[in-house]
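Asks: Here is my input; please provide its structure:
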Amino acid sequence: MDRCGWVGSDPLYEAYHDHEWGVPEHDSRALWEKLVLDGFQAGLSWITILRKRDSFRAAFQGFDPHVIAGWGADDVTRLLADPGIIRHRGKIEATIGNARAWQAVEAEGGFDRYLWNFVDGRPILNRWKSLAEVPAQTDLSLKISKDLKKRGFKFCGPTIVYAFMQAVGMVNDHLVTCPCHAKVAKMGQAARPGA
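Replies: I've put the predicted structure just below:
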């Protein structure tokens with residue numbers, strides 16, 4: 001398979017690329033989990049986060065924002081002692097704050113709807129031929145980043161947001177030479193659920 005060049009040969013990375021990356025995600029909780037994990041990735045490689053994802057899910061109660069929103073200093077201390085995750089105080093504290101911010105957006109009409117409205121409910125279909133063409137951020141990721149920050153989210157700069165958009169299928173950045181490009185494009189042709 002002629003996968004996107006960033007994948008390499010790690011079976012975990014291959015499975016992530018083939019079955020998750022770029023697939024349109026419409027579950028509000030799953031979207032929030034991915035945004036949090038992309039925030040934890042800042043300064044690290046995605047494979048590092050992917051290898052720790054199960055430990056993150058255990059430590060963060062399945063990434064249930066309703067549970068995490070009620071956490072405080074004792075939970076931060078507990079998480080800072082957990083070797084299975086990235087032990088970064090700022091990112092852990094941001095996750096708790098982001099859970100509260102998520103609750104507010106979810107109550108307004110859904111985190112899913114909020115995010116997908118930025119792309120009119122359908123993925124942006126790019127046709128990159130090489131990794132060199134793929135941007136690290138875009139005007140749209142900057143706009144979404146600013147709006148998330150205005151709503152109280154942290155660790156969501158425009159580069160993190162663009163990586164998130166790629167991962168959750170808001171943008172199809174599989175290279176045109178990758179078999180997943182056509183597969184993901186077909187998935188994105190359907191209108192967003194509830195649109």
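Asks: low pLDDT regions in the chain?
Replies: Scanning the chain for pLDDT under 70 picks out 1, 190-195.
Asks: how about the helices of it, start to end?
Replies: Using DSSP state H, the helices found in the chain span residues 11-19, 28-41, 46-59, 65-68, 73-80, 89-107, 111-116, 139-150, 158-167, 179-188.
Asks: Now do the buried residues in the last one.
Replies: Think helix 179-188. Under the neighbour-count criterion of 16 or more other C-beta atoms under 10 Å, helix 179-188 has 180-181, 183-185, 188 buried. From N, CA and C alone the C-beta is placed, and that goes for glycine too.
Asks: Confirm for me that Val171 is in contact with Asn126.
Replies: Yes - taking C-beta atoms under 8 Å as the definition, Val171 is a contact partner of Asn126 at 6.3 Å.
Asks: between these two, which one's more packed in?
Replies: Using other C-beta atoms under 10 Å, the more surrounded residue of Val171 and Asn126 is Val171, with 22 against 18.
Asks: Show the contacting residues for that one.
Replies: 119, 123-124, 126, 162, 165 (C-beta atoms under 8 Å, 6 or more residues apart in numbering).
Asks: So of those, which two are at opposite extremes in space?
Replies: Pro123 and Tyr162 (13.4 Å; C-beta to C-beta).
Asks: tell me the contacts of Pro158?
Replies: 137-138, 141-142, 144-145.
Asks: Can you tell me which of those has the most neighbours?
Replies: Busiest of these [other C-beta under 10 Å] is Ser141, holding 25 neighbours.
Asks: which non-adjacent residue is nearest that one?
Replies: Excluding the flanking residues, the one nearest Ser141 by C-beta to C-beta, 6 or more residues apart in numbering is Tyr162, at 3.8 Å.
Asks: Do I have it right that Leu148 meets Val161?
Replies: Yes - checked against C-beta under 8 Å, the pair Leu148 and Val161 is within contact range at 7.1 Å.
Asks: Looking at those two, which is more packed in?
Replies: Taking other C-beta under 10 Å, Leu148 and Val161 do not tie; Val161 has more neighbours (29 against 23).
Asks: and the gap between the more buried one and Phe118?
Replies: Going from Val161 to Phe118 by C-beta to C-beta, to the nearest Å gives 10 Å.
Asks: same check, this time on Ala15
Replies: 28 Å.
Asks: go on, Phe56?
Replies: Taking C-beta to C-beta, one finds Phe56 at 26 Å from Phe118.
Asks: okay, these two: which has more neighbours?
Replies: Phe56 (22 against 16).
Asks: can you pull the contacts of Thr177?
Replies: 2, 129.
Asks: Next: Tyr162.
Replies: Residues near Tyr162 by C-beta under 8 Å, 6+ apart: 135-138, 141, 171.
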